[in-house]
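J.: this one's sequence-less:
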């Protein structure tokens, strides 16, 4: 049973520190040559092509549609995420002269949060937070990941406009994460039974996604030669400002306009928008081979910052 409330520092102790510890374990494995960069790529492929699609399929196949109150929270998040995605995409090109594919990766890291592996365990342990939190996850998984994947996918710049538009739409369908979500929704829409053996199968694979991705990130940090900090500081700073300031401000402001009043729903929304950039960003950009150093640095920096933001959410709303 969920506890009534978590203490203000419990996220740092019970959730955030173990997350850092898994990354540190991967870092140690890379530093001691137990694993190398190529083996880190294999771990990423397992997460991207198998474990994370299984987790997303399980989430959508067994989910019930959000009610009116939960939808207001989810739409508030969607407003903030949409602004953050567009801001990251266009400003990164304006200020840092990125390619469109690099800008797509920048926008993804500026928007997609670590909701599954950091936020969800907290939301499940606070009475009244789980349902609005999961409702926001559903919109993030379907709309935000879909748009971000379309932005980051390589596409032709020549040819007929209609062909380019079709490629923009169909490109994400090659992404296993998007396929997992679509198949999950179809499974749910057709009312197929999500029996315990089937659910357990996807739960087992899905639970492997988080720790494997975190461990792989640690190996990457240990084995990858990073550019000088001054070369990525501006990009990481823009990602941090967009993800940890702009997105929450727009989302929480939209919740006011939509009349969200339930304190538990406010707490769930605040937690959702103030978690750090997700390790899933690193998994995705690794598969497209762009913006890996900047994404890894941004994840590490926002994760350290989130020890304060997540604890702050629980002080205010817990």
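T.: Structure's in. What do you need? Note that the structure is predicted; figures quoted are calculated from it, not measured. Numbers count the residues shown, from 1 in each chain.

J.: Please count neighbours and contacts with C-alpha atoms only from this point.
T.: OK.

J.: Now do the closest residue to residue 188 other than its chain neighbours against residue 204, distance only.
T.: Sequence neighbours aside, residue 61 is the residue nearest to residue 188 in space, at 4.8 Å (criterion: C-alpha to C-alpha, 6 or more residues apart in numbering). Relative to residue 204, residue 61 is positioned 15 Å away (C-alpha to C-alpha, to the nearest Å).

J.: Of the two, which one has the most company?
T.: For residue 61 versus residue 204, neighbours defined as other C-alpha atoms under 10 Å are more numerous around residue 61 (25 against 13).

J.: any chance you could map the helices in the stretch 51-200 of the chain?
T.: For the stretch 51-200 of the chain, the helices defined by DSSP state H, counting those that start in this stretch occupy 52-61, 68-96, 100-109, 120-123, 130-139, 145-152, 161-170, 176-189, 196-207.

J.: For residue 268, find the nearest of these.
T.: Proximity to residue 268 (C-alpha to C-alpha) singles out helix 130-139 among the helices of the stretch 51-200 of the chain, at 5.4 Å.

J.: so what's the residue nearest to residue 188 up against?
T.: Shown in contact with residue 61 (C-alpha atoms under 8 Å, 6 or more residues apart in numbering): 183, 184, 185, 186, 187, 188, 194.

J.: how many neighbours does the residue lying closest to residue 107 once chain neighbours are set aside have?
T.: Among residues not flanking residue 107 along the chain, residue 88 sits closest, at 4.4 Å (C-alpha to C-alpha, 6+ apart). By other C-alpha under 10 Å, 27 other residues sit near residue 88.

J.: now swap in residue 254 and tell me
T.: With neighbours defined by other C-alpha under 10 Å, the count for residue 254 comes to 20.

J.: Show the pLDDT at it.
T.: Per-residue pLDDT puts residue 254 at 97.

J.: Equivalent analysis for residue 24, please.
T.: At residue 24, pLDDT is 91.

J.: cool, residue 46 as well?
T.: At residue 46, pLDDT is 91.

J.: How about the secondary structure of it?
T.: At residue 46 the chain is in helix, as set by DSSP: H, G, I helix; E, B strand; the rest coil.

J.: tally of neighbours for it?
T.: Neighbours around residue 46, by other C-alpha under 10 Å: 18.

J.: please renumber so the chain begins at 100
T.: All right, first residue 100 from here; so that's residue 145.

J.: what about it, distance to residue 197?
T.: For residue 145, the distance to residue 197 equals 29 Å [C-alpha to C-alpha].

J.: And residue 120, by the same measure?
T.: Taking C-alpha to C-alpha, one finds residue 120 at 33 Å from residue 197.

J.: go on, residue 253?
T.: In terms of C-alpha to C-alpha, residue 253 sits 14 Å off from residue 197.

J.: go on, residue 371?
T.: Per C-alpha to C-alpha, residue 371 is found 28 Å from residue 197.

J.: Also residue 316?
T.: 23 Å.

J.: Looking only at neighbour counts, state which of the two leads.
T.: residue 316 (27 against 17).

J.: Who are the contact partners of that one?
T.: By C-alpha under 8 Å, 6+ apart, the contact list for residue 316 reads 122, 125, 126, 139, 378, 381, 395.

J.: Inside helices: which ones of those residues?
T.: The helices, defined by DSSP state H, take in 122, 125, 126, 139, 378, 381, 395 from the contacts of residue 316.
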